[in-house]
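Visitor: got a predicted model here, sequence first, then my questions.
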Amino acid sequence: MTNKRAIPLIAVMAMALATPAYAANDLTVPAVKEATVATPSAPQMPSTPSTPSVSSSSSSSNSGSSSSSSSSSNSNNGSSSSSSSTQANLNNRLVNVAGFDSAKQFTGYFTNLKRAVANGNRDAVAKRVSYPLAVNQADGKRRSILNEKQFLKEYNSIMTSKVRNALANQNVNDVFINYRGVMVGNGELWIGVVGGKPGIYAVNQ
């Protein structure tokens with residue numbers, strides 16, 4: 001019994017002695033590779049935008065605008081010159097054709113007459129009439145107003161709404177002038193120099 005158990009034990013020991021031993025340096029650990037970290041590239045600076053060039057068409061447009069402004073300026077100057085010329089002609093005709101001492105004499109008289117009629121100041125209107133005053137009625141009849149007293153008495157029948165409106169709408173710088181004087185409206189009033197001073201000498205109703 002003892003010999004049967006001993007044989008296998010001897011065999012195991014023999015097998016163990018026959019197995020080659022491994023050296024410690026044979027157990028090499030694989031080297032860990034260094035992780036490669038990518039170095040970030042430097043950020044690129046944005047490129048500076050180039051200065052836009054002024055196109056020739058734009059320059060031409062600006063030149064055109066300047067020319068247009070010059071033309072407009074010249075046009076305005078022309079209008080001013082024309083207006084001055086018209087005023088000078090009016091002033092000349094008031095003196096040399098209608099017989100006023102000066103243009104200012106007429107314009108001052110006209111402004112005061114217009115204001116007096118608008119305000120219903122009959123006395124002031126009466127003082128700006130040359131007597132005898134010829135009144136041509138709408139029915140074709142004609143009568144004469146001899147003095148201020150008669151004019152004030154018949155004021156409403158002389159200075160009718162038609163006559164007053166003609167005076168109110170008349171521009172002092174746009175009057176008709178001839179050797180008889182200045183016409184207001186369509187002839188509702190005629191103003192001239194009588195006895196050296198301006199006054200209404202005829203009313204056409």
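Guide: Received the coordinates, thanks.

Visitor: drop to CA atoms for contacts and neighbour counts, all remaining ones
Guide: Will do.

Visitor: can you give me the helices in this protein?
Guide: 2-18, 56-96, 103-118, 122-126, 148-153, 155-158, 161-169 (DSSP state H).

Visitor: which of the ones you listed has the lowest average pLDDT?
Guide: The minimum mean pLDDT among the helices of the chain belongs to helix 2-18 (a mean of 48).

Visitor: count the neighbours of the residue nearest to residue 100 when sequence neighbours are not counted for me.
Guide: Closest residue to residue 100 apart from its sequence neighbours, by C-alpha to C-alpha, 6 or more residues apart in numbering: residue 94 at 5.8 Å. By the measure other C-alpha atoms under 10 Å, the count of residues near residue 94 is 27.

Visitor: right, and residue 94 touches residue 176 too?
Guide: No - taking contacts as C-alpha atoms under 8 Å, residue 94 lies outside contact range of residue 176: 9.8 Å.

Visitor: now for residue 98, how many residues are close by?
Guide: Considering only other C-alpha under 10 Å, residue 98 is surrounded by 19 other residues.

Visitor: same thing with residue 181?
Guide: Neighbouring residues of residue 181 were enumerated by other C-alpha under 10 Å; the total is 23.

Visitor: if I pick it, what's in contact with it?
Guide: 94, 97, 98, 99, 190, 191, 192, 193 (C-alpha atoms under 8 Å, 6 or more residues apart in numbering).

Visitor: measure residue 204 to residue 181 for me?
Guide: 15 Å (C-alpha to C-alpha, to the nearest Å).

Visitor: wait, residue 160 sits on residue 205?
Guide: Yes - assessed by C-alpha under 8 Å, residue 160 is found in contact with residue 205 at 7.5 Å.

Visitor: which one of the two is surrounded by more residues?
Guide: Taking other C-alpha under 10 Å, residue 160 and residue 205 do not tie; residue 205 has more neighbours (19 against 14).

Visitor: how close does that one sit to residue 84?
Guide: The gap separating residue 205 from residue 84 is 34 Å, by C-alpha to C-alpha.

Visitor: what of residue 180?
Guide: Counting by C-alpha to C-alpha, the gap from residue 180 to residue 84 is 25 Å.

Visitor: re the thing from before, ok, of the contacts of residue 181, which come out buried?
Guide: Among these, those classed as buried by neighbour count (16 or more other C-alpha atoms under 10 Å) are 94, 97, 98, 99, 190, 191, 192, 193.

Visitor: just the ones of these in strands?
Guide: 190, 191, 192, 193 (DSSP state E).

Visitor: contacts only, for the last one.
Guide: Which is residue 193. 98, 99, 100, 181, 199.
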